[in-house]
Structures are given as structure tokens and as C-alpha cells.
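Asks: Below: sequence and its predicted model.
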Amino acid sequence: MIDLRLLRDNPDAVRASQQARGDDPALVDAVLDADARRRSSLTDFESLRAEQKALGKKVAKAAGEEKAELLAHTKQLAERVKARQADANDAEREVDELLYRLPNVVEGAPPGGEDDYLVLRHEGRIRDFAAEGFTPRDHLDLGEGLGAIDTARGAKVSGSRFYFLTGVGARLELALLNAAMDQAVAEGFTPMITPTLVKPETMRGTGFLGAHADEIYRLEKDDLYLVGTSEVALAGYHADEILDLADGPRRYAGWSACYRREAGSHGKDVRGIIRVHQFHKVEMFSYCAVEDAAAEHERLLAWEEAMLRKVELPYRVIDTAAGDLGTSAARKFDCEAWLPTQDRYLELTSTSNCTTYQARRLGVRERTETGTRPVATLNGTLGTTRWIVAILENHQQPDGSVRVPEGLRPYLGGLEVLEPVA
RNA sequence: GGAGACGUCGCAUAGUCUGGUCUAGUGCGCCACCCUGCUAAGGUGGUAACGGGGCAACCCGUUCGCGGGUUCAAAUCCCGCCGUCUCCGCCA
């Protein structure tokens, strides 16, 4: 949720943001209208209520005829108070409803839709398989050859877009995620293993129940949601708390399973484990002062890139366009690894600066000299199951074996090459 | 799943039976000042969040786990829910 005061003081900035996202700027005026109604009905209610309280005190002290008279008056006042209170509550609900539909104000992202991203830079060397004299196999071929990935049985047990990681595949994922956790801990993050089922208010607070609600699994019987990332639980971790950020950002590294319905992506990335309903992820999450947020965003990006270097993948960094930002994000950088068998880049990391959007909804504040104010929240990927796709494809050798990047070897007992099983 | 106890301002607690004087008291912690030639101790004052109004000092409202209800009036009475603890049952 954005700052109502910003909306009042500078509605044009919010309208411009809506435009950049390709959303309706008229929503801004709807909120402003509702807010004006809310404030006037609130004033009505509060002055009546003050009157009622003052009379109540007189009633307490009065006796006999005087008391009877006061009671008669105060009785009908109570009716009016109740009515005005209902009006004020309705008006408040209306503002909330509209305000919740308003996405975060864009900060520096290029305008436009999904394809209007800006490529910031390319890193790493893309292999020339033609020059090496062989055609690269895709990750599923390789994974099956290594006895690492079993999608057929995944589908048998759970349906399409499910899989088993087997043998060296399971070890590879653990290695990757442990490497990510270790890096985070070395940088001062608090490691966390988080709940993957959360209450509606937590899910709503992180901004995932808006336009992209279809992506989320819901357990109707228990009124709980399965998270698509540990960001949700980590954002909720400090909900309704007042933090002391005087010593700098609070950084958490969340390890969790992630669940996504992948509604509306039928026929897209159906082969292998690129787009799946369940995977694991290590996620960085940071609570920091608003002034630090942009710099913290750069730091999260740098840590993501450090991990990509560790697994020796060629990638590019993109500045996501406004229309492709999540509801909560003001700006987002993705790192996309090169996928040799598809001649395209595949998103491996994503880091968002949500400024105060989530914190405002969740009630995460910090104490300052003048009072309290919402903090900024940021998140970024340090490793996911999907990374295995890029690792297998980019480090494959002509015989179907896969070279283990040096950064992962300590986590695989020194293993240097994954060999095909007979 | 069953029974009971509890949920109050950062922490601890009073207040709930018997509704109004609760503008929620007290202790600890914290902040400021004072006193004490150091230390320890002592004194005085201040110390929740959120919203509305105002240039401001300040004023008003909301919040005693959450949501309803009764009442002129609810921390206090009633109902539902959530959470914590204890015991019992069941089960990895």
C-alpha cells in the first residue's frame, strides 16, 4: 500500500507511475475521492463521539430528575453516534479497498511492458558449442543421463510440472542451496527456515493477492496459502513490530520450498524443470531505512552476481520494465543465465525494491528521532532449483558428463565431474 | 480432539467479581534534569501506537488478543474466534 499522504500531496506522481505500468491512472482519483469522504465522515463521527463521552460523564455524576433528563438526551445521541460510526467505517473500508488495489509507485524502472526491459550488461563467456564440435543437450536429457532428474515419475506421482531430483541431482540442489546459505551467512545474513503456509493477511500484506492471485495455492479448509517464495514469511516475520535499524539493515536468508500454480502458462516451458509447481529457494530479505533502499538493492544484486560467478554461468542483468514489476516492487533487476539449447536467457534471480509498500501493509516500522515510520523491504534470489538447468547445460561435456563448477565442489565432497549412469 | 487457566502501555503486574471517579495505577527499564568532589545510592519530571484537525503550542478520536453483542456508558457483562500455558486422549 502506498502512502496516502503522498497520494494527496502529489497525485500526479502516482498517476504517472500508473501510466508507466500500463495501469489505470483513474484509480488515483477514485482513492482521493474516497479519502475525502472518509475524512469528512470521520470528523462528523468524532465530534459526536466527543459530545457523547462528555455527556456520559455528566450522567455518571447526576441523580434523580436531572439524570433522567440527561439519559433521554443521551439515548438519542447514541443512535446518531452509531449511525455516524457506521458511515465512517464504510468510508474507511472503501478507501482501504481502493488503496489496496494500487500498486507501488515505480522508481526508475523503464516504462512499458514485459519486453521493454533494459539490458544493463552481460557477464561471463558464452560457450561456442559449434566450435567445440558438438551439439549441446538440454538439461532434461543430461539430467536423465546422469540419473539426476525424473520428470516421468514426478508426473505419475503428482502430475505435470512435478519431478524427482534423484541421486546426484538431489545432491546438486543441496550443494547449490548450501553454498547460497553459506555465502549469505558470511555476509551477515541471519539464516532462516520459514513456514510455507501463511495466513491470508500475511499473503495480502506482501502484495501477492492482487493481480497475480491466480498463481497462488490456497488451502480452503484451513484458510491458508502456500507461499511462492520465503519472501512472504520473511516479510511477515516482523509484522506489527517497530524495529531499530540504527545499526543498518536487518538481513535474513530464507530457505524454503516454493509453490506456484503456473496458471496461464499452459504449454510454456513444459519440458524438464524450468517451470514447475514446487521448487526450493534461498532468498535474501532485507529490512532497511527508506534512504538506504536503493543502495541496498545494488548490494542484493551484487550478492546474486557473486553466486552466479560461483557456479560459473554466463548471464545478463536486466532492469525490468514498469509493466512487468510485481505489485509491490518499485524497481526490479533480474539476472538471466544463457540457455544454450534454447538460444535464450532464462531468469535465475530477481531482486525487488519494494520500498515501504509491504511494510506499510504489514505494519513494519522503525523508530526514528521524530517518531516511527515504515521501513523499506527488499528481496533477492540466491539460488533455486532452476539453477540446475543452467548449470547442467552450460557445463556439459560431449560425453554427457557435466563439469562441477569449482564453487560447488566443496559441497559435493570434492566431486569434479558428474558422470552419466550406465 | 476433551478439560481448565490466562491474554492490560518495552517488560512485570493492579484493575474485571460489584460497568461510570480508568484521562488505565504501580514497579522495572529507558530519557532529561538535579543532588552527591569518584563509585554506589537518592530526588524531580517525562516515557505506547494509530487516525483527524491546527503554522504551532495543542485539541479530538480509536486501540486493554481479535470480531460481534448488551447498555445512555464496556478493560469490566454476554457470544464467537485466535494465541499461550497446564492436564488428558491420539499420533508421527
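Replies: It's in.
Asks: Could you use CA atoms for every contact and neighbour count after this?
Replies: OK.
Asks: Right, and RNA strand B sits closest to which residue of the stretch 251-400 of chain A?
Replies: A:T372 (4.6 Å; C-alpha to the nearest atom of the strand).
Asks: My guess is that residue contacts A:E366. True?
Replies: Yes. Using C-alpha atoms under 8 Å, A:T372 makes contact with A:E366 at a distance of 5.5 Å.
Asks: what do the two both touch?
Replies: A:I242 (C-alpha atoms under 8 Å, 6 or more residues apart in numbering).
Asks: Same drill for these two, tell me which one is more crowded.
Replies: A:E366 (20 against 13; other C-alpha atoms under 10 Å).
Asks: tell me the contacts of the spatially most central residue of chain A?
Replies: Centroid-nearest residue in chain A: A:E231, 5.3 Å away (criterion: C-alpha atoms, centre = their mean). Residues in contact with A:E231 (C-alpha under 8 Å, 6+ apart) are A:G254, A:E283, A:M284, A:F285, A:N379.
Asks: Quick one: those residues as TSV, columns for secondary structure and neighbour count too.
Replies: Listed next are the contacts of A:E231 as TSV, based on DSSP: H, G, I helix; E, B strand; the rest coil; neighbours: other C-alpha atoms under 10 Å:
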residue	secondary structure	neighbour count
A:G254	strand	28
A:E283	strand	31
A:M284	strand	30
A:F285	strand	27
A:N379	strand	28
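Asks: what pLDDT does A:L70 get?
Replies: Looking at A:L70, its pLDDT is 77.
Asks: doesn't it fall inside a helix?
Replies: Yes. Using DSSP: H, G, I helix; E, B strand; the rest coil, the assignment for A:L70 is a helix.
Asks: if we can go back for a sec, A:E262: which of the contacts of A:E231 is nearest?
Replies: A:E283 (19.9 Å; C-alpha to C-alpha).
Asks: ok, A:A152 to RNA strand B distance?
Replies: Using C-alpha to the nearest atom of the strand, to the nearest Å, A:A152 is found at 27 Å from RNA strand B.
Asks: count of residues packed around the closest residue to that residue other than its chain neighbours?
Replies: Nearest residue to A:A152, sequence neighbours excluded (C-alpha to C-alpha, 6 or more residues apart in numbering): A:Y163, at 7.3 Å. For A:Y163, the count of nearby residues is 23 (other C-alpha under 10 Å).
Asks: now do A:P191
Replies: Around A:P191 there are 18 residues (other C-alpha under 10 Å).
Asks: How about the one 4 residues further on?
Replies: In terms of burial, A:P195 registers 16 neighbours under the definition other C-alpha under 10 Å.
Asks: what's near enough to touch the closest residue in space to it that isn't next to it in sequence?
Replies: Using C-alpha to C-alpha, 6+ apart and skipping the chain neighbours, the partner closest in space to A:P195 is A:A233 (6.4 Å). Counting by C-alpha under 8 Å, 6+ apart, A:A233 touches A:T194, A:P195, A:T196, A:V198, A:T202, A:V227.
Asks: A:A233 falls within a helix, correct?
Replies: Yes. Checked against three-state DSSP, A:A233 lies within a helix.
Asks: which element is A:A175 on?
Replies: helix A:168-186 (DSSP states H and E).
Asks: Show me what the residue in the stretch 151-300 of chain A positioned nearest to RNA strand B is bridged to.
Replies: Closest residue of the stretch 151-300 of chain A to RNA strand B, C-alpha to the nearest atom of the strand: A:I242 (7.9 Å). Counting by DSSP bridges, A:I242 forms beta bridges with A:R365.
Asks: I'd assumed A:V364 was in contact with it.
Replies: Yes. In this structure A:I242 lies within contact range of A:V364 using C-alpha under 8 Å: 6.1 Å.
Asks: which residues touch stretch A:164-174?
Replies: Residues contacting stretch A:164-174 (C-alpha under 8 Å, 6+ apart): A:143, A:146-151, A:153-154, A:384-385, A:388, A:412, A:418.
Asks: Next, the contact list for A:P25, please.
Replies: Contacts here follow C-alpha under 8 Å, 6+ apart; on that basis A:P25 touches A:V14, A:R15, A:A16, A:Q18, A:Q19.
Asks: picking that back up, mark which of the contacts of stretch A:164-174 are part of strands, please.
Replies: The members of the contacts of stretch A:164-174 that map onto strands under DSSP state E are A:I149, A:D150, A:T384, A:L418.
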